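1. Build me a model from this:
(chains A and B)
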Protein chains: 2
Amino acid sequence: MAQKPSIPKGTRDFSPEEVAKRNYIFETIQSEFKRFGFQPIETPSFENSSTLMGKYGDEGDRLIFKILNSGDFLKKADEKALQEKDSTGLTSSISEKALRYDLTVPFARYVVQHQNEIEFPFKRYQIQPVWRADRPQKGRFREFYQCDADVVGSNSLWQEVEFVQLYDSVFNKLGLEGVTIKINNRKVLSGFAEVIEEQDKLIDFTVALDKLDKIGEEGVKKEMREKGISEEALEKIQPIFNLSGSFAEKIEGLRSILEGSENGQKGIEELQFIQNAIEEMPLKTAKLDLDVTLARGLNYYTGAIFEVGAPEKVKMGSIGGGGRYDDLTGIFGLKNMSGIGISFGLDRIYLVLEELGLFPETVTQNTKVLFINFGDKEALYAMKAVRKLRAENVTAELYPDSAKMGKQMKYADKRNIPFTVLAGEEEMQDGKFTLKHMKSGEQSSLDLEGLKEKLQN
Amino acid sequence: MAQKPSIPKGTRDFSPEEVAKRNYIFETIQSEFKRFGFQPIETPSFENSSTLMGKYGDEGDRLIFKILNSGDFLKKADEKALQEKDSTGLTSSISEKALRYDLTVPFARYVVQHQNEIEFPFKRYQIQPVWRADRPQKGRFREFYQCDADVVGSNSLWQEVEFVQLYDSVFNKLGLEGVTIKINNRKVLSGFAEVIEEQDKLIDFTVALDKLDKIGEEGVKKEMREKGISEEALEKIQPIFNLSGSFAEKIEGLRSILEGSENGQKGIEELQFIQNAIEEMPLKTAKLDLDVTLARGLNYYTGAIFEVGAPEKVKMGSIGGGGRYDDLTGIFGLKNMSGIGISFGLDRIYLVLEELGLFPETVTQNTKVLFINFGDKEALYAMKAVRKLRAENVTAELYPDSAKMGKQMKYADKRNIPFTVLAGEEEMQDGKFTLKHMKSGEQSSLDLEGLKEKLQN
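-> Below you'll find the model as predicted:
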């Protein structure tokens, strides 16, 4: 019995049109990465489990796809876990490999493993799929691409400036206006916790603050109270909620809030440096904004934190993010290697461009002209022309079978092929081709040269 | 304790240089696929196990990487298999998904699943990685890319002609001379078995014949004898071993060998059609050759069989292959859908181009100019120039830290960056830049316009 075919939930097939559109985004990002001096690397789809496990927290460990050992895997299975039917305990004895969960940990592994071949600072980009056993839902998939650019081996704040410029360049090239590049600094967040003397509640504090645009000021305060942050502390940070105005104005506000914190002042200095540089070299399309509620991946960012917001008119949330992490490679034994990186959210960018009609028409154009097939003799005549046209970079095809004319025309139509060529006995005798413009129905009789000229435009 | 990082055996990290070279091959193949009217699709990295299992024989089933179910997978585990420690029996109850083993079966699944959205004949290409739990050895990996182009839904022999032209075009674009496109036809092989009245031994017969270039005529005959093929039969097929000369001469030889086989004659006709068309539209670089020993994937090819041999001066074996299969989608319930396809062996093509020094130098060029960093004030001056150069498509970078000059110069040198720019206080005052050609040491003082002009070439 034939099986009814399907694909695993959370995964996708991509049609020619979708691949073309996705590739347009990939190629735009990639060409900007290159222009900024980033170099590509690729890592294997699966890593040794020991490389990945324990790097993303318990929840992450659970969401990593594990690959079953080949052959008689039960031979080495943990006897006790087997008897107790302890799935978690059994896993490491029957699975040595796992699909990568992101590009950051494999990148850190790559840097440490190849440190002797690399010139630091190392500017690399990587565009590859990752896999997560997440519950599939709208816009969340079990297989999706990440597009990352990182620099390791430099503390320079010029990197932060570069990444802001890079975000701006990519979205400008994609024709996407109204993007906001939000920036914050981990040291500012630490500073907040310092001035309210709640350093030990830094995570709870920032997790709550990060929700400001979702649950509002009162919601944030409620959550903070629940986490044991005092009324006195809440009063002290009230000015955070009142920060507004331009980047420079917010910086001024921060200065007074963080007066007592050396850490906080350092964070302000860093933000100021970036802001000054961007003022000297204005962005093309995007807007840089200071957002002190931004926390993202707090556990590993140590300096700048970035998040890119889609244009307000589309409800999409963040379409990119990143930040500086001072010790990424430490987990693999290479210390003191500061890194900073950003990521582009392909799937969301795709949806935004689709919604705003920003994919150029040329992206999905494929075959320019279909030669109608009237039989083997005519087909040879056509194929010779097809060959010449292809040599001139015109995508041309012969309909493979001498099917009924209507069927062949319908095929051209369905595939959005703009021109057809009819060349029967008569045309062959004259060395001509009848070119038909599918939309207008207009026909013209041309020789090969004329055909080339017409179709190259 | 930090882990010593490594990757699973049979997998690879790709350095910037390797990625650049691989992408050069991918992009060349892809641009020819497009020029010939093929459209890209992509399928998920993992499929439902039921889609893949049983499609590649027992050996294939064994080599498919299975993904462990998430969560408490032992809950649904087959009790009996668990108690008997029967790994094979247990697998299907703890693993529902598997990494794709090739692109052909997922393509067949795609065609059947999306048949109502597809215009047939459907010309698709697909360039994605596949995974096999093969024993890793030189040139054989557990993760590797396949580059496939197929057409489904047409019996026309013009497709065979197109694929020969496509192979020729790609290798011509890659500058690879001396490639041989070997062709055979399954019907010719069946014909052989018919004329020696050993139809039931077709597989044994062709498997032995396929080894001719490895074990020689006597070796082949020895193997055939061992498989029970009679002396009388061997005598009858003796002319196969004596076939030589041009394509046309071999065809003539075949005609007399296959005189008694209708099937065989049909095969000859097909070969003749292709040969005639190629004679009318000669290949650019490659040579078309008839090789009646070619069997490849006999179980599923029904007409043409292709194999591409690397130039003789490099010992590499086949760098591509394919053929016609009359019922690929039948396994998923869609009958009478003839297909034909070819594949490019990326890893071997890479090795061949490397050995022959055929990668263009431009492929691995990245950053064109590095601006030396003399401190924040100078860096801002440099960054402004960097930005202008990038806008003119010149890949420019600022060294991120104001490190010692020697260190920065060494960095440019190691990364093969051909130019550096030195711009200190003096240059800033004059609005100039000192451009240094790294190889010659030559220096010139230029304004921004001059810099642009010089670096755009």
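2. Determine the three-state secondary structure at A:S70.
-> coil (DSSP: H, G, I helix; E, B strand; the rest coil).
3. That one - how many residues pack around it?
-> 18 (other C-beta atoms under 10 Å in any protein chain shown). To be clear about C-beta, it is placed using only N, CA and C from the backbone, and glycine gets the same treatment.
4. so it makes contact with B:F65?
-> Yes - counting by C-beta atoms under 8 Å, A:S70 touches B:F65, with 7.3 Å between them.
5. just the helices in the stretch 51-200 of chain A please.
-> Using DSSP state H, counting those that start in this stretch, the helices of the stretch 51-200 of chain A run over A:57-63, A:79-83, A:87-94, A:104-113, A:158-173, A:186-195.
6. picking that back up, quick one: common contacting residues for A:S70 and B:F65?
-> Listed as contacting both A:S70 and B:F65 by C-beta atoms under 8 Å, 6 or more residues apart in numbering or on different chains are B:A133.
7. In the stretch 301-450 of chain A, what residue lies closest to chain B?
-> Residue nearest to chain B within the stretch 301-450 of chain A (C-beta to the nearest C-beta): A:G333, separated by 3.0 Å.
8. I'd guessed that residue sits against A:Q115; true?
-> No - applying C-beta under 8 Å, one finds A:G333 not in contact with A:Q115, separated by 9.7 Å.
9. more crowded one of these two?
-> A:Q115 (18 against 13).
10. Now do the contacts for the nearest residue to that one once chain neighbours are set aside.
-> Closest residue to A:Q115 apart from its sequence neighbours, by C-beta to C-beta, 6 or more residues apart in numbering or on different chains: A:L334 at 6.1 Å. A:L334 makes contact with A:V111, A:V112, A:Q115, according to C-beta under 8 Å, 6+ apart.
11. for A:L334, phi and psi?
-> phi -110, psi 110 (degrees, to the nearest 10).
12. Which pLDDT value goes with it?
-> For A:L334, the model assigns a pLDDT of 93.
13. now swap in the one 3 residues further on and tell me
-> Looking at A:M337, its pLDDT reads 93.
14. With A:F241 instead?
-> Looking at A:F241, its pLDDT is 92.
15. from what I can see it touches A:G216, true?
-> No - using C-beta under 8 Å, A:F241 is not in contact with A:G216, being 9.7 Å away.
16. If you count surrounding residues, which of the two has more?
-> Between A:F241 and A:G216, A:F241 has the larger neighbour count (other C-beta under 10 Å), namely 17 against 12.
17. Checking the more buried one next. Helix, strand or coil?
-> Following three-state DSSP, the label given to A:F241 is helix.
18. what's stretch A:397-408 in contact with?
-> A:367, A:369-376, A:378-379, A:382-383, A:386, A:411-412, A:417, A:420, B:36-37, B:121, B:123, B:151, B:154-156, B:158-159, B:162.
19. residues of that stretch that come out buried?
-> With burial defined by 16 or more other C-beta atoms under 10 Å in any protein chain shown, the residues of stretch A:397-408 counted as buried are A:E397, A:L398, A:Y399, A:P400, A:D401, A:S402, A:A403, A:Q408.
20. so which of those residues comes closest to A:T43?
-> Of all these, A:T43 sits closest to A:E397, with 37.9 Å by C-beta to C-beta.
21. Next up, the contacts around the residue nearest to the closest one when sequence neighbours are not counted.
-> Leaving aside its sequence neighbours, A:E397 sits nearest to B:G37 (C-beta to C-beta, 6+ apart; 3.8 Å). Residues in contact with B:G37 (C-beta under 8 Å, 6+ apart) are A:N366, A:T367, A:T395, A:A396, A:E397, B:K123.
22. Among these, which are located in strands?
-> Cross-referencing the contacts of B:G37 against strands under DSSP state E gives A:A396, A:E397, B:K123.
23. May I see those residues organised as CSV, with pLDDT and distance to A:I237 added?
-> Listed next are those as CSV, based on pLDDT from 0 to 100; distance: C-beta to C-beta, whole Å:
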residue, pLDDT, distance to A:I237
A:A396, 97, 67
A:E397, 96, 66
B:K123, 97, 62
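24. still on that earlier bit, would you reformat the helices of the stretch 51-200 of chain A as CSV and include distance to chain B and mean pLDDT?
-> Conversion of the helices of the stretch 51-200 of chain A to CSV gives the following (distance: least, C-beta to the nearest C-beta, whole Å; pLDDT from 0 to 100):
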stretch, distance to chain B, mean pLDDT
helix A:57-63, 7, 92
helix A:79-83, 7, 94
helix A:87-94, 4, 96
helix A:104-113, 4, 96
helix A:158-173, 5, 98
helix A:186-195, 19, 95
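25. could you dump the ones you listed to JSON lines with mean neighbour count?
-> Output for the helices of the stretch 51-200 of chain A, formatted as JSON lines (neighbours: other C-beta atoms under 10 Å in any protein chain shown):
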{"stretch": "helix A:57-63", "mean neighbour count": "13"}
{"stretch": "helix A:79-83", "mean neighbour count": "13"}
{"stretch": "helix A:87-94", "mean neighbour count": "18"}
{"stretch": "helix A:104-113", "mean neighbour count": "23"}
{"stretch": "helix A:158-173", "mean neighbour count": "24"}
{"stretch": "helix A:186-195", "mean neighbour count": "24"}
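26. Turn those helices into CSV, including distance to B:K97.
-> Converted to CSV, the helices of the stretch 51-200 of chain A look like this (distance: least, C-beta to C-beta, whole Å):
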stretch, distance to B:K97
helix A:57-63, 15
helix A:79-83, 22
helix A:87-94, 16
helix A:104-113, 21
helix A:158-173, 34
helix A:186-195, 38
